[in-house]
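Student: Kindly generate the corresponding structure for this input.
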Amino acid sequence: MTKAETNLTPDMNKMGLDAKRAFAKLRGAGPETRTKALKEIARAIEAARADILKANEEDVAAAKEAGLSKAKVDRLILNDERIDGLVSSVEAIAGQDDPAGEELARWKRPNRLDIARVRGPIGVIGMIYESRPNVTADAASLCVRSGNAVMLRGGRDAQHSSAAIHGAVQKGLEAAGLPKEVVQLVPPQDRALVGEMLGGLNGAIDLIIPRGGASLVERVQNEARVPVLGHLEGLCHMYLHPSADSQKATEIVVNSKLRRTGVCGALETLLVDRKVAEDLLPKVAAALEEKGCELRGDAEARKIVPSMKEASEEDWRTEYLDAILAVKIVDDLDAAVEHIAEYGSQHTEAIIAEDKDAAEDFMAQIDSAIVFWNAATQFADGGEFGMGAEIGIATGRLHARGPVGAEQLTTFRYVVRGDGQTRP
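Tutor: From the prediction side, this is the model:
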């Protein structure tokens, strides 16, 4: 370990201690104060709009100069519309019921003990994410709403944008009488700081949430010494059933793939039932190619649409995050399910079908965090689920699954009320 790396530890440990102290203040502040803080954060982001956009211009220019892909640059960009979205998301979260303190169940024992299961915050969350500056506001707001302190470590690509947003968040917290250390920003310049967070900062961090590419998530899962809430890549599939409506299928596929190619809910593999491939696939392919989407198909798909490029085995395993779509012809619903089970990342899948029984069968068999019937995969988003925003899409099975909002950032405890009982 170098001298520079050694000097990082005390600073990170201090941030951890500050976060624990801030968590105690936030937890005891009550829902009204947390709501006030969120409203103040929304106002502060609006007031800092010009500074945030200026900082973002610097990040975007550097990203383009560095040759980042179009998808990564798109994730990075903030404009007036996206700032409006940030403010609206924070306001929506402010309008939600506070999950901390919710009584989930209550019962009495024969010995008259009154037992309640009560929802509460997790503690201090370490959030490690890549080039999305909006995550800075989303994660901060969801943690405040759920009563958690958070240490944010964003990517270097978005460092100026994240810092500007973080400054506004801290102003909002202080305006509500809360310590600014409820939301801290870990400098992104040194990767060694990530290792410090994964070590748990001597027990200060209670949960790590990674949001980014497969390499980031893999590193976090391999090295973390605290629990991890995983967000894997979005290798999303859509199956066109023989009962699919042609127009509906075409519109949903195009929207799922091309609305925003750089989001984790973007469609990456299209599975077409052999019974309708000759009729349906040319229509869908034409609509996609007209909008500039490159298609890569198996041998049977290429016979039907000769303009497709040949798909390789790797294409079935690739999250493109670009205007590229893999296409495969399958025998039936069971074959579609088998393909998804083999190649999917358990993020989001969809079926297009007018046959209700087939749709229900597909959704019952698919073991992914989100499954859609006759709707675009781009709806795989916490805001669209009514959560205001999301920290990410959890693809594991514990402790949360799917979009992670304020409620998913809580745990529970038991509150037991007695009147003098002792155990014999």
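Student: Tell me who's in contact with Ser246.
Tutor: By C-beta atoms under 8 Å, 6 or more residues apart in numbering, the residues touching Ser246 are 279-280, 283. Every C-beta, even on glycine, is put in place using the N, C-alpha and C of the backbone.
Student: so how far does stretch 340-358 reach from one end to the other?
Tutor: 16 Å (C-alpha to C-alpha, to the nearest Å).
Student: Run the chain-centre distance for that stretch.
Tutor: Here the centre of stretch 340-358 is set off from its chain's centre by 20 Å, with C-alpha atoms, centre = their mean, to the nearest Å.
Student: for it, which positions count as buried?
Tutor: 340, 343-353, 358 (16 or more other C-beta atoms under 10 Å).
Student: quick one: which of those sit in helices?
Tutor: Per DSSP state H, helices hold the following members of the buried residues of stretch 340-358: 340, 343, 358.
Student: pLDDT added to the residues you listed, as a markdown table?
Tutor: What follows is those, written out as a markdown table (pLDDT from 0 to 100):
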| residue | pLDDT |
| --- | --- |
| Ile340 | 97 |
| Tyr343 | 96 |
| Ala358 | 98 |
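Student: And the residues you listed, which is closest to Ala311?
Tutor: Closest to Ala311 out of those is Tyr343 (11.7 Å), distances taken as C-beta to C-beta.
Student: Can you name the residues that contact the closest one?
Tutor: 235, 237, 269, 316-317.
Student: who wins for most neighbours among those?
Tutor: His237 (28 neighbours; other C-beta atoms under 10 Å).
Student: re earlier: find the pair from the buried residues of stretch 340-358 with maximum spatial separation.
Tutor: Ser345 and Ala358 (23.6 Å).
Student: Let me know the pLDDT of the closest residue to Pro403 other than its chain neighbours.
Tutor: In this structure, Pro403 finds its nearest non-sequential neighbour in Gly382, 3.7 Å apart by C-beta to C-beta, 6 or more residues apart in numbering. pLDDT for Gly382: 90.
Student: Just the buried residues of stretch 328-341, please?
Tutor: In stretch 328-341, counting by 16+ other C-beta under 10 Å, buried: 328-330, 333, 335-337, 339-340.
Student: Stretch 315-325 too?
Tutor: 315-325.
Student: same check, this time on stretch 121-130
Tutor: For stretch 121-130, by 16+ other C-beta under 10 Å, it's 121-130.
Student: In strands, which of those fall?
Tutor: Among those, the residues falling in strands (DSSP state E) are 121, 124-129.
Student: nearest to Val150, of those residues?
Tutor: Set against Val150, the nearest of those by C-beta to C-beta is Ile125 (4.7 Å).
Student: Might one say that the closest one is in contact with Pro210?
Tutor: No - Ile125 is not in contact with Pro210 according to C-beta atoms under 8 Å; the separation is 11.5 Å.
Student: Next, the angle from the top helix by length along the chain to strand 124-129.
Tutor: Longest among the helix segments of the chain by residue count, using DSSP H, is helix 8-29. Going by axes from the mean of the first three to the mean of the last three C-alpha atoms, to 10 degrees, helix 8-29 is angled at 120 degrees with respect to strand 124-129.
Student: Format the CA atom coordinates belonging to helix 8-29 as PDB.
Tutor: Included here for helix 8-29 are C-alpha records, laid out as PDB according to Å, rounded to 0.1, in the frame of the first residue of the first chain:
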ATOM      1  CA  LEU A   8      -7.100   7.700   2.600                       C
ATOM      2  CA  THR A   9      -8.200   5.500   5.400                       C
ATOM      3  CA  PRO A  10      -8.600   8.100   8.200                       C
ATOM      4  CA  ASP A  11     -10.700  10.300   5.900                       C
ATOM      5  CA  MET A  12     -13.000   7.500   4.800                       C
ATOM      6  CA  ASN A  13     -13.400   6.300   8.400                       C
ATOM      7  CA  LYS A  14     -14.300   9.800   9.400                       C
ATOM      8  CA  MET A  15     -16.900   9.900   6.700                       C
ATOM      9  CA  GLY A  16     -18.300   6.600   8.000                       C
ATOM     10  CA  LEU A  17     -18.500   7.900  11.500                       C
ATOM     11  CA  ASP A  18     -20.200  11.200  10.300                       C
ATOM     12  CA  ALA A  19     -22.700   9.100   8.300                       C
ATOM     13  CA  LYS A  20     -23.600   7.000  11.400                       C
ATOM     14  CA  ARG A  21     -24.100  10.100  13.500                       C
ATOM     15  CA  ALA A  22     -26.200  11.700  10.700                       C
ATOM     16  CA  PHE A  23     -28.300   8.500  10.400                       C
ATOM     17  CA  ALA A  24     -29.100   8.700  14.100                       C
ATOM     18  CA  LYS A  25     -30.300  12.300  13.700                       C
ATOM     19  CA  LEU A  26     -32.300  11.500  10.500                       C
ATOM     20  CA  ARG A  27     -33.900   8.500  12.100                       C
ATOM     21  CA  GLY A  28     -35.000  10.400  15.100                       C
ATOM     22  CA  ALA A  29     -36.200  13.400  13.100                       C
END
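Student: Fine, thanks again, bye for now.
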